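# let's see this in three dimensions:
(3 chains)
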Amino acid sequence: MAELLHVLDLVGVVVFAVSGGLEAARKELDPVGFLFLAAVTGIGGGTLRDLLLDRGPVFWVTQPQYLWLTSAAGLAVFFAASYVERRRAVLLWADAVGLAVFSVLGARTALDAGAGAGVAILMGTMTATFGGLIRDVVCGETPLILKKEIYATAAAAGAAVLVLLQAIGLPGPVAAGTGLAVAFAIRGTALVFGLSLPSYRLRREG
Amino acid sequence: MAELLHVLDLVGVVVFAVSGGLEAARKELDPVGFLFLAAVTGIGGGTLRDLLLDRGPVFWVTQPQYLWLTSAAGLAVFFAASYVERRRAVLLWADAVGLAVFSVLGARTALDAGAGAGVAILMGTMTATFGGLIRDVVCGETPLILKKEIYATAAAAGAAVLVLLQAIGLPGPVAAGTGLAVAFAIRGTALVFGLSLPSYRLRREG
Amino acid sequence: MAELLHVLDLVGVVVFAVSGGLEAARKELDPVGFLFLAAVTGIGGGTLRDLLLDRGPVFWVTQPQYLWLTSAAGLAVFFAASYVERRRAVLLWADAVGLAVFSVLGARTALDAGAGAGVAILMGTMTATFGGLIRDVVCGETPLILKKEIYATAAAAGAAVLVLLQAIGLPGPVAAGTGLAVAFAIRGTALVFGLSLPSYRLRREG
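Purely as a prediction, here's the structure:
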């Protein structure tokens, strides 16, 4: 299970890095821009999590393979963006996998660092969504979390399931697997049916 | 006094969280957006302060009640935004209280962590203004600190008074109370009279 | 050499702070806005580097002279912006010096903290470019790193040269000096000839 989670973690980083690279393609940037947005999107969420939990140097300082991974993904998109872009549907689903994995791993990292339930859920949500948030803010786009899509909600649900199942004593792999499945199912359902949460409407004066 | 400061701190967090929720209402977001902007605005400044001072995990990791508070505030605004919006004048004044409290508390936290006078004043100013700054940047709005309002100035003045009075040996509660009063007075005066600092004018060629 | 690097470091901070002040002038801000943008631009890159490496309180908490320096630079620009603005060419070259110094110093700080080669190169690049990035994001401008200029590339090259030369055993001052020269030469060449890297082109459907 730990093995599988680690592999899924790497998959998540690559998928998010690719989405950063695609944003660079949309902005018609040079290779440095691709490397930058791939790294920011792929490892931004985990970086913020490590900073907030004060876990020493952030994870990619001691595990630089993450940087090589985002760099490879960024450059690959630079040379093959039109090919990747045409497979956008695949990417949306791969992104859903990344979202699910990061929410569960982020929550677990927080629990391991001694955080309480609420904090762990928030950390899971942030790990899953913050890389994309930074990418959008830097690029001057409206962040996904400010749009009417069920995205952060799916991450929060997955993290909450993990925290709950661990609290009632289920073994770690079961808790992680169930949380992952819940997050992926919610995001997937939203993708298939184009669902969104009810949002606030400004009352406009007649 | 410490009791009172703690209560005021909670008031400040709630008021800033409400202002984040109101921004979410203006953007017509879903509940997750309200929770997100309420949290970012309510605890963003203190989070940055803790990161920069390297005080271990940021304050809300060990005191998750702050998260519950911003979440409650965010959801309350979601369900009652039109009601809150109509009381905008009250909010401006409550925000002035938050600004004053955060500037004084931020400066004191920095002094307690061994920082010098200049750093403490900056930390007070940042604690008071950074949550709103992140909210505005994420939302694509012009940050208040880049507008011609006396806002950060009031926070800096309050922090400076606290630092000065503690340096000349006055007891903590007196220093904090005076700093708080000064910050609130300056911000309040600016609100009442619509004051601003003289700003730089680009020379335009004839 | 260490002496010279320290002096160049201060020069870099001042130059970047001035560029922050000039942005404040373009936005017609008040003095607080000048102080803010000067500080963010001058010390933002080093601040992020220290946070990511978890080096304790960030450098300007224990060395507040950096804050005084950016504040002095910011206020100087407030009172003399039209004069500074006319010397824009000088500033571009001074900025190239800052870029070169920060890339080398940032990489060295990372190596000293035990980071590997890839991380050190990234830290050098980030130290050199992140202050300006934050400045642009806060001001709602397109960050330089997202434009087609050879800027981050020059910083990365300088950091890479330093890391490489230290790895093959050359003495620190030689490695630093060569890295600095390479970064400055690349940035300078790009400035003189208006060079840019080839960038990705969206294929537009006929």
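# going by C-alpha atoms from here, please, whenever you check contacts or count neighbours.
OK.
# what's the closest non-adjacent residue to A:Ala176?
A:Leu162 (5.5 Å; C-alpha to C-alpha, 6 or more residues apart in numbering or on different chains).
# ok, how many other residues are close to that neighbour?
For A:Leu162, the count of nearby residues is 31 (other C-alpha atoms under 10 Å in any protein chain shown).
# how about A:Pro198?
Residues near A:Pro198, counting by other C-alpha under 10 Å, number 11.
# which SS class is it?
Following DSSP: H, G, I helix; E, B strand; the rest coil, the label given to A:Pro198 is coil.
# so A:Asp50 makes contact with A:Gly44?
No: counting by C-alpha atoms under 8 Å, A:Asp50 stays clear of A:Gly44, with 10.0 Å between them.
# buried residues, stretch A:81-95. List them.
By neighbour count on 16 or more other C-alpha atoms under 10 Å in any protein chain shown, the buried set for stretch A:81-95 is A:Ala81, A:Ser82, A:Val84, A:Glu85, A:Leu91, A:Leu92, A:Trp93, A:Ala94, A:Asp95.
# out of these, flag the one nearest to chain B.
Looking at the buried residues of stretch A:81-95 and their distance to chain B, the nearest is A:Asp95, at 19.3 Å (C-alpha to the nearest C-alpha).
# host element of that closest one?
Assigned by DSSP states H and E, A:Asp95 falls within helix A:88-112.
# now that helix, how far from the centre of its chain.
5 Å (C-alpha atoms, centre = their mean, to the nearest Å).
# pop out the phi and psi values for A:Lys147.
Here is the backbone geometry of A:Lys147 (degrees, to the nearest 10): phi -100, psi 170.
# chain neighbours aside, what residue packs nearest to it?
Distances taken as C-alpha to C-alpha, 6+ apart place B:Leu29 nearest to A:Lys147, at 6.8 Å, with adjacent residues excluded.
# distance of A:Phe16 from A:Ala159?
Distance of A:Phe16 to A:Ala159, computed by C-alpha to C-alpha, to the nearest Å: 19 Å.
# just A:Ala115 next, same as before
For A:Ala115 relative to A:Ala159 (C-alpha to C-alpha), the value is 13 Å.
# residues contacting A:Leu4?
For A:Leu4, no contacting residues are found, by C-alpha atoms under 8 Å, 6 or more residues apart in numbering or on different chains.
# any figure for the gap between it and chain C?
Per C-alpha to the nearest C-alpha, to the nearest Å, A:Leu4 is found 26 Å from chain C.
# how close does that residue sit to chain B?
Distance, A:Leu4 to chain B, by C-alpha to the nearest C-alpha: 28 Å.
# in terms of helices and strands, where is that residue?
helix A:2-26.
# what's near enough to touch the closest residue to A:Ile121 other than its chain neighbours?
Counting by C-alpha to C-alpha, 6+ apart, A:Ile121 lies nearest to A:Ala159, which is 5.0 Å off, once chain neighbours are set aside. The neighbours of A:Ala159, taking C-alpha under 8 Å, 6+ apart as the test, are A:Ser103, A:Val104, A:Gly106, A:Ala107, A:Ala120, A:Ile121, A:Leu122, A:Gly124, A:Thr125, A:Gly179, A:Ala183.
# if I look at the residue in chain A that chain B sits nearest to, how far off is chain C?
Among the residues of chain A, A:Ser199 lies closest to chain B, at 3.9 Å counting by C-alpha to the nearest C-alpha. Distance, A:Ser199 to chain C, using C-alpha to the nearest C-alpha: 27 Å.
# what about the closest residue to that residue other than its chain neighbours, neighbour count?
Excluding the flanking residues, the one nearest A:Ser199 by C-alpha to C-alpha, 6+ apart is B:Asp30, at 3.9 Å. Counted with other C-alpha under 10 Å, the neighbours of B:Asp30 add up to 23.
# looking at chain A, which residue is nearest chain C?
In chain A, the residue that lies nearest chain C is A:Asp30 (3.9 Å; C-alpha to the nearest C-alpha).
# burial of A:Ala80, as a residue count?
With other C-alpha under 10 Å as criterion, A:Ala80 counts 14.
# name the helices or strands packed onto the helix or strand where it lies?
Using DSSP H and E, A:Ala80 maps to helix A:65-86. Helix A:65-86 sits against helix A:2-26, helix A:31-53, with contacts defined as 3 or more C-alpha pairs under 8 Å, 6 or more residues apart in numbering or on different chains; DSSP states H and E.
# confidence-wise, which of those is weakest overall?
Mean pLDDT across the helices and strands packed on helix A:65-86 is lowest at helix A:2-26; the value there is a mean of 86.
# how about the residues of chain A by chain B?
Applying C-alpha under 8 Å from any C-alpha of the partner chain, one finds that chain A approaches chain B through A:51-54, A:115-116, A:118-119, A:137, A:140, A:142-143, A:145-148, A:152-153, A:197-203.
# just give the nearest non-adjacent residue to A:Leu5, would you?
A:Val101 (7.4 Å).
# contacts only, for the one you found.
So A:Val101 contacts A:Leu5, A:Leu8, A:Asp9, A:Gly12, A:Ala128, A:Leu180 (C-alpha under 8 Å, 6+ apart).
# element containing the residue positioned nearest the centre of chain A?
By C-alpha atoms, centre = their mean, the mean C-alpha position of chain A lies nearest to A:Ala128, the distance being 2.9 Å. According to DSSP H and E, A:Ala128 maps onto helix A:117-138.
# so which elements touch that helix?
With contacts defined as 3+ C-alpha pairs under 8 Å, 6+ apart, the packing partners of helix A:117-138 are helix A:2-26, helix A:31-53, helix A:88-112, helix A:152-167.
# which residues of chain A score low on pLDDT?
A:1-2, A:202-206 (pLDDT under 70).
# what parts of it come near chain C?
A:25-33, A:47, A:51, A:54, A:56-58, A:60-62, A:64, A:67, A:78, A:82, A:137-140.
# hmm, which of the residues you listed are the buried ones?
A:25, A:27-33, A:47, A:51, A:54, A:56-58, A:60-61, A:67, A:78, A:82, A:137-140.
# quick one: A:Ala38 and A:Ser71 touch, right?
Yes: using C-alpha under 8 Å, A:Ala38 is in contact with A:Ser71, at 6.8 Å.
# re earlier: now the helix holding A:Ala128 against helix A:31-53, angle please.
Orientation of helix A:117-138 against helix A:31-53 (axes from the mean of the first three to the mean of the last three C-alpha atoms, to 10 degrees) gives an angle of 160 degrees.
# now a PyMOL select for only the buried ones of the residues of chain A next to chain B.
To isolate the buried subset of the residues of chain A next to chain B in PyMOL, counting by 16+ other C-alpha under 10 Å, use the following:
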select buried, chain A and resi 51+52+53+54+115+116+118+119+137+140+143+145+146+147+148+152+153+199+200
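# coming back round to it: next one: phi and psi at the residue of chain A closest to chain B?
According to degrees, to the nearest 10, A:Ser199 has phi -120, psi 160.
# would you check that it makes contact with B:Lys27?
No: the pair A:Ser199 / B:Lys27 is not scored as a contact, 9.6 Å apart, by C-alpha under 8 Å.
# let's verify A:Pro57: helix, strand, or coil?
For A:Pro57, the secondary structure call by three-state DSSP comes out as coil.
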